[in-house]
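**Student:** I'd like to go over a predicted model; first the sequence, then the structure.
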Amino acid sequence: MRVVNQSVKKVDHRALVTGKAVYTDDLAPKECLIVKVLRSPHAHALIQDINLERADKVAGIECILTYKDCPDKRFTMAGQTYPEPSPYDRLILDRRVRFVGDPVAVVAGCSKDAVEKALGLIKVKYEVLEPVLDFRSARDNEVLVHPEDSWKSLCPVGADNKRNLCASGSCADQDVDEVLKDCSYVVDKTYHTQANQQSMMETFRTYTYIDAYGRLNVVSSTQIPFHVRRILANALDIPKAKIRVIKPRIGGGFGAKQTAVSEVYPALVTWMTGKPAKMVFTREESLTASSPRHEMEVRVRMGADKDGIIKAIDVYTLSNTGAYGEHGPTTVGLSGHKSIPLYGKTDAFRFAYDVVYTNVMSAGAYRGYGATQGIFAVESAVDELAVQIGMDPVAFREKNIVREGQIMPAYYGEKAGSCALDRCLERAKEMIGWDEKYPCRDMGNGKVRGVGAALAMQGSGISGVDTAAVGIKVNDDGFYSLMIGATDMGTGCDTILAQMAAECLDCSMEEIIVHGVDTDASPYDTGSYASSTTYVTGMAVVRTCEKLRDMICEKGARYLGCGFDDTEFDGENVIDLKTGRTISRAEIGNRAMCSNEDALYASEAFSSPVSPPPFMAGIAEVEVDKETGQVELTDYVAVVDCGTVINPALARVQTEGGLAQGIGMALFEEVVYGPQGKNYSNSFMQYKIPTRLDVGNIRVEFESSYEATGPFGAKSIGEIVINTPSPAIANAVSNAVGVRIRELPITAEKIYWGMQEAGKGSDLVER
Amino acid sequence: MMIRFVLNGKEREADIREDAVLLDVLRNLGCSSVKCGCETANCGLCTVWIDGKSRLSCSVLAAAAEGREITTLEGIEREAAEFGSFLAAEGAEQCGFCSPGFIMNVLAMARELEDPAIDEIKEYLSGNLCRCTGYMGQLRAIQKYLKSRGEGPACG
């Protein structure tokens, strides 16, 4: 391959590294109204009265809007294909506030100072209600987060607002209890993963204006332009035809921007006032009123026979969706469906779940999307089972992992059509020097180093749902415009999709112009999430190119006066194979601009009935201080099977970046609430993402399988890479000092107390 | 109040509020490379040079710029593009939002430290957060850039 599988620089790199004005706030007109919201100080309350008398008088205030000004029509901010599995449980502003930070009023004015002054002068009288803060007691609690009758669930996801249930369900293959009964070894443990913030460097932001046609234009830092159009139409109760959404460059998303967190507020202001408006979330707002990872508690029962073959896996997940149900019903599914299938020899599985409402900020989509949580639990349990059997946990995995060609009952019955997980594990083991380092080495200075392994999988798009259309047109002089609806959020999809087009069309990257998303002009795409872009939109590119090549040949045949079947297109010229005469692509492009009845434009769509999983193995080496419990990550190796690697440099950085986020989740990051539901993790002082001093040495390699249903054999890379650090590090700590941490993050304090307990007698201690 | 300073080599005047921070004033003057990422002086996105030294513009009163020489990425575009090319070759600009502040500090480091070791590089840049890359690609780019400078003609 000429362009695919090459480390091509990102098509927008020059603008990014020279600091050009390409992001939402850089592009917003200077005369925009500044929009901010007044946020609830209570976790659960009813607004009794809002007095705007003094706030309204502040010079420069354009409008102050309350629940009385908003449509009484519930919607979801989740960016999902209609009908959304996430319940319609929100209003733009509601009389009932459901978490500390829930919007109470929207204020717009000519300056930040005026708006902030007005915010301080709004007087709100609340009837403070008892909140539901413990997600373990939320289901069937007498306090309801959503008692209202206008709450609506569009899909059969087992939701019931009168039970605080956002979703519930179960599925199984064979009788898991029967199989477990016959197992020689069984673990039954419960693991807890905390809420995490995506912490993309660009916070949520949107600006809005009315254009010459009287339509609402929305420029937003989003992963889901087409879903934003629907969400705003629902929220404002206006026709979709009145809305246009444009996506400029995005300063990171990681799933956070798969929820329309900021769009509705400036859109409301512009729609009501006719004036341009913008809202830029502060970091504090981005950490306290956003869309973090769902907190989950996962119970795993896993049994093996006397030979060390895993025979049954039973997973129950309790997920905390917070005040609203964005991505609640869908994230939980991955905690079972993308952890259990890692093991290919089971006779039975069961997966059941409940997703509950509580009075903390709504959760959302974060890279890994539930798989991360489930894999922490299952991959920790696998190590615990190996310890019980007395086997090396890597050898135990080698015996049990899913292999290419196997049917995966817990993965919707799909076949592992491409799977190099065995090679990934083998290579990771070599890279770290597992046999020399397992389980641990005393460094002789009060510190001990241990190694721990974990496996992971994800999907490639949502099978049968995700849809991508692509358009390519031939312009004068023959250059191509590639029209996509997929949203580059820094990942480089504009580049890798152009690479695929250049490969298919036998041309250089410079001859492909990529157009960023504009819902008025771009072909439909569900958006960039669910690890779908390379696989789903990539296949749409391949199909569109195939069609366009035929169209170019047809046009060339007409201009050459020969038959279509006699032509060949080599990327530069259409050749009449009988006579050897040629016509260049440039000339075809130019001639097609004059007296032409068939536009040289091809558009094809793709949706996949399957979602081929990428696989990977990660191994961590940690150094634990035996005195203090302080843990340091010294080495991390990861080997990924994402199918064919479209752009090795970008795939490597995706992997390293995902691993670093996973390391943050494992060791530092946690959204912490106080007893009254106040979020304490409201700045980067409290919510600690890794610096370059915290990530140790990360080493990445690829072991590619070939996915026959994907473009050039590719699967996905974006999400899977966050899944191994938490279990690998927990397993490494256990191997180092015999302390099993089942509740993330893995802090020195937890390890210290674990070692203290161990000193009192018991062998392996649980925290 | 009025302040006068040199911005990217040009004399500038700005009418500012006494409590305005440099970050906001620079953005208002059209330096859109200067980004705000945290408001708590943790992220390094707003890094600029004041009299040639890296500073967080979110934590400097604009009034303190009086008479100083301020440099943003716009003022050193050629140098930024040169290092940026190494960064992009690794795919390590990713979303690009932290790139301007990061590049300002990398270039400051390249002027200040001669042949820095990996630990020195990490320490020098520890205040520049990045959520996309995991920092490894940035490190590869820095090492290759420093090596190329050592081999090629000095650049200004």
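**Tutor:** Thanks, I have it.
**Student:** elements contacting the helix ranked longest in chain B?
**Tutor:** In chain B, with assignment by DSSP state H, the single longest helix is helix B:136-151. On a contact count with 3 or more CB pairs under 8 Å, 6 or more residues apart in numbering or on different chains; DSSP states H and E, helix B:136-151 meets helix A:648-667, helix B:77-89, helix B:99-112, helix B:118-124. Every C-beta, even on glycine, is put in place using the N, C-alpha and C of the backbone.
**Student:** near chain B at all, the following helix or strand past the first one?
**Tutor:** Going down the chain from helix A:648-667, the next helix or strand is strand A:698-702, by DSSP states H and E. Yes: using CB under 8 Å from any CB of the partner chain, strand A:698-702 comes into contact with chain B via A:698, A:700.
**Student:** now do strand A:698-702: distance to the chain's middle.
**Tutor:** Distance of strand A:698-702 from the chain centroid (CA atoms, centre = their mean, to the nearest Å) equals 21 Å.
**Student:** now do stretch A:47-66
**Tutor:** Mean C-alpha position of stretch A:47-66 versus that of the full chain (CA atoms, centre = their mean) differs by 37 Å.
**Student:** which helix or strand contains the nearest residue to A:G490 once chain neighbours are set aside?
**Tutor:** Distance criterion CB to CB, 6 or more residues apart in numbering or on different chains; nearest residue to A:G490, sequence neighbours excluded, is B:C95 at 2.5 Å. Here B:C95 is covered by no helix or strand, with elements defined by DSSP H and E.
**Student:** what is the neighbour count of B:C95?
**Tutor:** 27 (other CB atoms under 10 Å in any protein chain shown).
**Student:** surely it touches A:G492?
**Tutor:** No: B:C95 lies out of contact with A:G492 (CB atoms under 8 Å); the separation is 9.5 Å.
**Student:** for the stretch 151-300 of chain A, which residue gets nearest to chain B?
**Tutor:** Closest residue of the stretch 151-300 of chain A to chain B, CB to the nearest CB: A:G251 (3.0 Å).
**Student:** so which helix or strand takes in that residue?
**Tutor:** Using DSSP H and E, A:G251 sits in no helix or strand.
**Student:** re the thing from before, list the contacts for the residue nearest to A:G490?
**Tutor:** A:16, A:200-202, A:249-252, A:489-491, B:132 (CB atoms under 8 Å, 6 or more residues apart in numbering or on different chains).
**Student:** the residue lying closest to A:Y411 once chain neighbours are set aside and A:S418, how far apart?
**Tutor:** Nearest non-adjacent residue to A:Y411, counting by CB to CB, 6+ apart: A:P341, 4.0 Å away. Look at A:P341 and A:S418: by CB to CB, to the nearest Å, they are 14 Å apart.
**Student:** how about the residue most central in space within chain B, what does it touch?
**Tutor:** Centroid check for chain B by CA atoms, centre = their mean gives B:M104 as the closest residue, at 2.2 Å. Residues in contact with B:M104, defined by CB under 8 Å, 6+ apart, are B:47-49, B:54, B:71-73.
**Student:** neighbour-wise, which one of those leads?
**Tutor:** Highest neighbour count within the contacts of B:M104, by other CB under 10 Å: B:L73, with 30 neighbours.
**Student:** picking that back up, any idea how far the residue nearest to A:Y411 is from chain B?
**Tutor:** To chain B, A:P341 is 27 Å away according to CB to the nearest CB, to the nearest Å.
**Student:** ok, A:Y353 next?
**Tutor:** 29 Å.
**Student:** from the middle of its chain, how far away would the lengthiest helix in chain A be?
**Tutor:** As assigned by DSSP H, the longest helix anywhere in chain A is helix A:538-560. A distance of 34 Å separates the centroid of the chain from that of helix A:538-560, by CA atoms, centre = their mean.
**Student:** buried residues, the helix or strand that comes right after it. List them.
**Tutor:** Downstream of helix A:538-560, the first helix or strand assigned by DSSP H and E is strand A:567-569. Buried residues in strand A:567-569, defined by neighbour count with 16 or more other CB atoms under 10 Å in any protein chain shown: A:567, A:569.
**Student:** what does stretch A:304-324 give?
**Tutor:** So stretch A:304-324, judged by 16+ other CB under 10 Å, has buried residues A:304-305, A:308-324.
**Student:** low-confidence ranges in the chain?
**Tutor:** Picked chain A for this. The model of chain A has pLDDT under 70 over residues A:761-767.
**Student:** that's the wrong chain, I wanted chain B
**Tutor:** B:152-156.
**Student:** one step back: quick one: which of the buried residues of stretch A:304-324 sit in strands?
**Tutor:** The strands, defined by DSSP state E, take in A:304, A:310-322 from the buried residues of stretch A:304-324.
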